[in-house]
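# this one's structure only:
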């Protein structure tokens, strides 16, 4: 019965490996960041399935929630770092 | 195999299917913004389905409650993260692609790792 979850987890590793193509060969910087975010999102399900395999789902759910929070904070921090808002520059008088 | 076990397997398999759709979308779609669409919608739905299937497998315990908290958190934050990334790309000067046009130029192509991105209206290569 639980063997089927192992099969789904094996298929899921292949699914996780697919966006690596976008990370390596993405034409823009944002494509690479999007690929990294997609890999992080799919890894959440894999962590839960590994917890089900080991019979310690209670511990692995906490790891999942922490991973989701780190993924979200990293995404927001990178998005704030690479944005170039015009309003701030005009307020500082940097662009005459 | 009871009814709930079958339902759990069906939900987890459906979640893996939608994650596969999201992966194919990231590979196949032609533009950054359409790839953002694939990540934000398909991955969120697939992850919610898979975690809901695990919650059904667990039954009425504290684990399923924590899984529901994880589902709500991901449903709130995953589209927000994709939207923030798309907003950053648009404000950095990346133009959307339309059918019949050539692929848009990359505003970050000629840029070193520690230079500032050009503003959306300014000349490229102009130092701020």
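Yep, that arrived. Predicted model only: the values in this text are computed from it and were never measured.
# which ones are touching residue 68?
Picked chain A for this. Neighbour list for residue A:68: A:44, B:70, B:73-74, B:77 [criterion: C-beta atoms under 8 Å, 6 or more residues apart in numbering or on different chains]. All C-beta spots, glycine's among them, are computed from the backbone N, C-alpha and C.
# my question was about chain B
residue B:55.
# which helix or which strand is home to it?
Assigned by DSSP states H and E, residue B:68 belongs to helix B:62-91.
# what about chain B, any weak spots by pLDDT?
Applying pLDDT under 70 to chain B flags the ranges B:101-128.
# nearest residue to the middle of it?
With distances taken as C-alpha atoms, centre = their mean, the residue of chain B nearest its centroid is residue B:39 (2.4 Å).
# who's in contact with the residue nearest to that residue when sequence neighbours are not counted?
Closest residue in space to residue B:39, ignoring its immediate chain neighbours: residue A:38 at 4.9 Å, by C-beta to C-beta, 6 or more residues apart in numbering or on different chains. Shown in contact with residue A:38 (C-beta under 8 Å, 6+ apart): A:19, A:22, B:22-23, B:26, B:39, B:43.
# tell me the pLDDT of residue A:38.
With respect to pLDDT, residue A:38 scores 91.
# burial of residue A:83, as a residue count?
17 (other C-beta atoms under 10 Å in any protein chain shown).
# wait, it touches residue B:94, no?
No. Judged on C-beta atoms under 8 Å, residue A:83 makes no contact with residue B:94 at a distance of 11.4 Å.
# OK, contacts around residue B:81?
Contacts of residue B:81 by C-beta under 8 Å, 6+ apart are A:37, A:71-72, A:75-76, A:79.
# just the element for the closest residue to residue B:18 other than its chain neighbours, please.
Take residue B:18 and drop its neighbours on the chain: the residue closest to it by C-beta to C-beta, 6+ apart is residue B:46, 3.2 Å away. Take DSSP H and E as the rule and residue B:46 turns out to sit in helix B:43-58.
# what about residue B:99, which SS state?
coil (DSSP: H, G, I helix; E, B strand; the rest coil).
# how much space separates it from residue B:3?
In this view, residue B:99 and residue B:3 are 47 Å apart by C-beta to C-beta, to the nearest Å.
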